[in-house]
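> Mind folding the following:
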Amino acid sequence: MDAIRITTAGSSPQDDLARRQKKYVIAMTIRTLCFVGAAISGAAGLHWLWPILIAGAIILPYVAVVMANAEDSRTTSLPLTGGGDPQRQLGPGDQPEHTDQDAEDREHEDRGHGA
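Here you go, the predicted model:
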């Protein structure tokens, strides 16, 4: 028999930290490449490219931290095995029908208590 998952708990703290560190290292590598590319493009006379690369290098750390912290490692899906017993599920309840006489009785009671 397969185990039934009863929680939406996220991954372990070690896995979460490793995932965040990996994303951060990738982002900082790209940032370093932006700085190097800006220096090379500036020296090569590509004056339109280096400001874009510098802006990317300045903004990238903020974006990397926000993206790493915003991701939720919990899952919202609950893959339950077996699917449950359909005979034991609750159905829609029966609601009593209200008549005009019931409404008149309630109005009469409300008038009697309001005096």
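
> Neighbours of residue 53, how many?
By other C-beta atoms under 10 Å, the residues close to residue 53 number 21. Every residue, glycine included, has its C-beta placed from N, CA and C.

> can you tell me which helix or strand the closest residue to it other than its chain neighbours belongs to?
Excluding the flanking residues, the one nearest residue 53 by C-beta to C-beta, 6 or more residues apart in numbering is residue 38, at 3.8 Å. Assigned by DSSP states H and E, residue 38 falls within helix 13-43.

> Then residue 93?
Per DSSP H and E: residue 93 is located in neither a helix nor a strand.

> Torsion angles phi and psi at it?
Dihedral pair for residue 93: phi -80, psi 160, per degrees, to the nearest 10.

> tell me the pLDDT at it?
We have a pLDDT of 70 for residue 93.

> Against residue 49, how distant is it?
Distance, residue 93 to residue 49, by C-beta to C-beta, to the nearest Å: 68 Å.

> Between these two, tell me which one has more neighbours.
residue 49 (15 against 5).

> In contact with the more buried one: list those residues for me.
Taking C-beta atoms under 8 Å, 6 or more residues apart in numbering, we find residue 49 in contact with 37-38, 41.

> pLDDT wise, what is it at?
At residue 49, pLDDT is 93.

> Please apply the same query to residue 6.
Looking at residue 6, the pLDDT reads 59.

> hang on, the earlier thing: got the contact list for the residue nearest to residue 53?
So residue 38 contacts 49-51, 53-54, 57 (C-beta under 8 Å, 6+ apart).

> Kindly report the same for residue 30.
Contacts of residue 30 (C-beta under 8 Å, 6+ apart): 56, 60.

> repeat that with 7 Å
When the contact criterion is C-beta atoms under 7 Å, 6 or more residues apart in numbering, the partners of residue 30 are residue 60.

> Over to the one 4 residues further on?
Contact partners of residue 34, counting by C-beta under 7 Å, 6+ apart, are 53, 56-57, 60.

> Those residues into CSV, with extra columns for secondary structure and distance to residue 13?
Shown next, in CSV, are these (DSSP: H, G, I helix; E, B strand; the rest coil; distance: C-beta to C-beta, whole Å):
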residue, secondary structure, distance to residue 13
53, helix, 36
56, helix, 31
57, helix, 31
60, helix, 26
